[in-house]
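**Q** Build me a structure from this.
(2 chains)
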Amino acid sequence: NAGVTQTPKFRVLKTGQSMTLLCAQDMNHEYMYWYRQDPGMGLRLIHYSVGEGTTAKGEVPDGYNVSRLKKQNFLLGLESAAPSQTSVYFCASSPGTSGSWYEQYFGPGTRLTVT
Amino acid sequence: SQQGEEDPQALSIQEGENATMNCSYKTSINNLQWYRQNSGRGLVHLILIRSNEREKHSGRLRVTLDTSKKSSSLLITASRAADTASYFCATDKWGGSEKLVFGKGMKLTVNP
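**A** Numbering: from 1, shown residues only, chains lettered A, B, ... in the order given. Presented below is the predicted three-dimensional model:
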């Protein structure tokens, strides 16, 4: 199993450009998450999904949109990138069932720079 | 908002020594988890302790939980250079939540 994969690994955007980050998991997990990690701030939840076709806002959702059209994929979109969105983005997934409640499996991250 | 706060924020020890990291949190929880992050990589789950457990072991890891003090500690025994990483505690909220709230992390350096 590949686990959780993220595409791309690195990206540089100019202010105002748009892009989509793709997260894929092959573990048949119900829950998926997008976080951003900034120095000294830990991980902050952007959006999450508890199943195919569902999404919900996390702690810092402004400037981002998400979609979960297929159970294995969770897309994070930036419609108009801003320098404040320069960060490392992590996707994670979780079984969403009892027994391994809420243990999360992380992807390798996407390093995004907005100039 | 940060639920968990790790302490100390950075720790440097020699190989073979034990490393203890502490986490404090604010609200009642179902579970507390510890994760490790190697430089430039994603987080890896280490251990989960439920609110009705007081201590749990996994290999060289020992986790304790004191719900009355809203605190947890992670002990790594006989540390190795490969344990050099950042460590995060994460909590969910009592009553059930599919969301975790992560602390800011603690940097552990194990010198060979």
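**Q** which stretch of helix or strand covers the nearest residue to A:Asn73 once chain neighbours are set aside?
**A** Nearest-residue entry for A:Asn73: A:Ala24, 5.3 Å, with adjacent residues in sequence omitted and distances by C-beta to C-beta, 6 or more residues apart in numbering or on different chains. The way it works is simple: take the backbone N, C-alpha and C, and place the C-beta from them, glycine included. Applying DSSP states H and E as the criterion places A:Ala24 in strand A:19-25.
**Q** now the angle from whichever helix or strand comes after that strand to strand A:19-25?
**A** Using DSSP H and E, the next helix or strand after strand A:19-25 towards the C-terminus is strand A:31-38. Going by axes from the mean of the first three to the mean of the last three C-alpha atoms, to 10 degrees, strand A:31-38 is angled at 130 degrees with respect to strand A:19-25.
**Q** Give the other helices and strands that strand A:31-38 contacts.
**A** Helices and strands touching strand A:31-38, as assessed by 3 or more C-beta pairs under 8 Å, 6 or more residues apart in numbering or on different chains; DSSP states H and E, comprise strand A:19-25, strand A:42-49, strand A:73-78, strand A:87-94.
**Q** thinking again about what came up before, Provide the strand pairings for the strand holding A:Ala24, with the direction of each partner.
**A** Strands flanking strand A:19-25 in the sheet, each with its direction: strand A:4-7 (antiparallel), strand A:73-78 (antiparallel) (DSSP bridges).
**Q** residues contacting the residue nearest to A:Asn73?
**A** Under the criterion of C-beta atoms under 8 Å, 6 or more residues apart in numbering or on different chains, the neighbours of A:Ala24 are A:Ala2, A:Val4, A:Thr5, A:Gln6, A:Thr7, A:Gln72, A:Asn73.
**Q** Return the set of residues that bridge with it.
**A** Here A:Ala24 sits in beta bridges with A:Thr5, A:Asn73, as judged by DSSP bridges.
**Q** returning to that earlier point: can you redo the strands paired with strand A:19-25 as TSV with mean pLDDT?
**A** Formatted as TSV, those follow (pLDDT from 0 to 100):
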stretch	mean pLDDT
strand A:4-7	97
strand A:73-78	98
